[in-house]
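# Sharing a model prediction with you, sequence too.
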Amino acid sequence: MVWIITALAAAIISSISSIFDSYLVSKKMPSMTSFLIPMGVTQILAACVLLVIFPFPSTVDAKHILITIGASVINSGSFLILLNSLRKGEVSRIIPIVSTAPIFVALLAIPLLGATLNYWQWLAVIMTVAGAVLISLQFGHRGGKTKLQKSFFILLVAALMGATGSIGFKYGLEQISFWNVFGISGLCIGTIVLAYALRKTNLEELKNLPQRTQKIGLVTIDQLVGITSAIIAFKAMGLGPVSLVNAILNIRPVFVFIFSLVLSRFLPNIVNEPLQRRTALIKFTAIGIMTAGIVIISLSTVK
């Protein structure tokens with residue numbers, strides 16, 4: 001029972017972090033770069049602390065570390081795509097699409113590991129893709145043309161990159177601990193975003209930011225919330241069956257949807273998404289289909 005509660009807590013905290021990300025990059029910070037600078041600093045500091053507390057085992061070989069670094073770089077690209085999409089779109093539409101990563105992990109295992117998918121797994125893939133398309137549809141008003149949201153395909157790329165990174169992390173975990181992987185990931189993403197964002201004009205923007213201390217503090221808290229959710233998820237995996245824990249963790253889009261509905265109703269300054277009955281019903285149906293597909297894959301492929 002403890003592992004169920006822990007996994008649910010991780011999913012809920014991760015959902016809160018996603019909404020917090022969206023709020024900060026779209027409403028509190030003047031640009032994505034002003035968000036990335038304090039984010040990068042926080043990631044690097046947290047990573048350094050973890051690597052000091054949990055050093056690499058003496059038996060680790062360079063190959064596992066290099067592959068983990070490569071996976072971290074790919075995962076960083078996925079995260080930057082996600083942040084850019086959150087700045088422009090609705091969090092309740094974006095997070096479910098990025099959360100299709102387990103489907104890509106299963107598909108990548110076919111050519112990379114010689115795996116095969118059974119009937120239920122293929123059905124899960126179809127369900128997840130169908131749900132992703134449904135939640136991305138933008139219906140035209142008064143007979144207007146229905147089309148996919150512009151970020152749909154780039155978000156699928158982000159999900160694919162996240163899946164590729166997950167495979168690399170899994171390989172690294174054969175010889176190093178989660179804390180080592182998390183430390184390497186934090187160093188990589190922190191270095192990459194700072195290399196991208198540390199420009200004189202961006203530093204000036206951050207320096208002249210109204211309520212600078214408060215906003216930088218919010219970004220720091222946001223990153224610590226994300227780190228906390230990852231640590232709790234890892235703890236849940238240590239307490240219970242990995243496949244079941246992953247299934248619970250992958251219901252994050254459901255919590256994002258619920259929280260976005262509540263916040264749109266009572267705190268629209270944080271999340272302001274359309275709440276028409278048809279829109280809410282479409283989102284609910286799409287997220288339900290996708291979550292069912294992802295849970296099936298999690299239960300059947302993760303050992």
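Sure, I can see it. In this text the structure is predicted, and so the values were computed from the model without any measurement.
# In three-state terms, label residue 176 for me.
coil (DSSP: H, G, I helix; E, B strand; the rest coil).
# What pLDDT is listed against it?
Looking at residue 176, its pLDDT is 89.
# Contact partners for it?
Contacts for residue 176 (C-beta atoms under 8 Å, 6 or more residues apart in numbering) come out as 56-57, 60, 64-65, 68. C-beta: built from backbone N, CA, C; applies to glycine.
# go with 7 Å
Contacts here follow C-beta atoms under 7 Å, 6 or more residues apart in numbering; on that basis residue 176 touches 56-57, 60, 64, 68.
# What of residue 286?
Here residue 286 is in contact with 96, 131, 134-135 (C-beta under 7 Å, 6+ apart).
# now the helices: where do they sit in the protein?
2-23, 32-53, 62-88, 91-98, 101-113, 119-136, 152-172, 178-197, 200-207, 212-239, 242-249, 252-266, 277-301 (DSSP state H).
# any idea which of the ones you listed is most buried?
The highest mean neighbour count among these, using mean count of other C-beta atoms under 10 Å, belongs to helix 91-98: a mean of 27.
# quick one on the thing from earlier: out of the helices of the chain, which comes closest to residue 145?
Closest approach to residue 145 among these (C-beta to C-beta): helix 119-136, 14.5 Å.
# and that closest one, what does it pack onto?
Helices and strands touching helix 119-136, by 3 or more C-beta pairs under 7 Å, 6 or more residues apart in numbering; DSSP states H and E, are helix 91-98, helix 101-113, helix 277-301.
# can I get the CA coordinates of the second one in PDB?
This points to helix 101-113. In PDB, the C-alpha atoms belonging to helix 101-113 read as follows (Å, rounded to 0.1, in the frame of the first residue of the first chain):
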ATOM      1  CA  ALA A 101       7.100   8.400 -24.500                       C
ATOM      2  CA  PRO A 102       6.400   4.800 -23.100                       C
ATOM      3  CA  ILE A 103       4.800   4.000 -26.500                       C
ATOM      4  CA  PHE A 104       7.900   5.000 -28.300                       C
ATOM      5  CA  VAL A 105      10.100   3.100 -25.900                       C
ATOM      6  CA  ALA A 106       8.100  -0.100 -26.800                       C
ATOM      7  CA  LEU A 107       8.300   0.600 -30.500                       C
ATOM      8  CA  LEU A 108      12.100   1.400 -30.300                       C
ATOM      9  CA  ALA A 109      12.600  -1.900 -28.500                       C
ATOM     10  CA  ILE A 110      11.500  -3.800 -31.700                       C
ATOM     11  CA  PRO A 111      14.500  -2.800 -33.900                       C
ATOM     12  CA  LEU A 112      17.000  -2.200 -31.000                       C
ATOM     13  CA  LEU A 113      16.300  -5.100 -28.800                       C
END
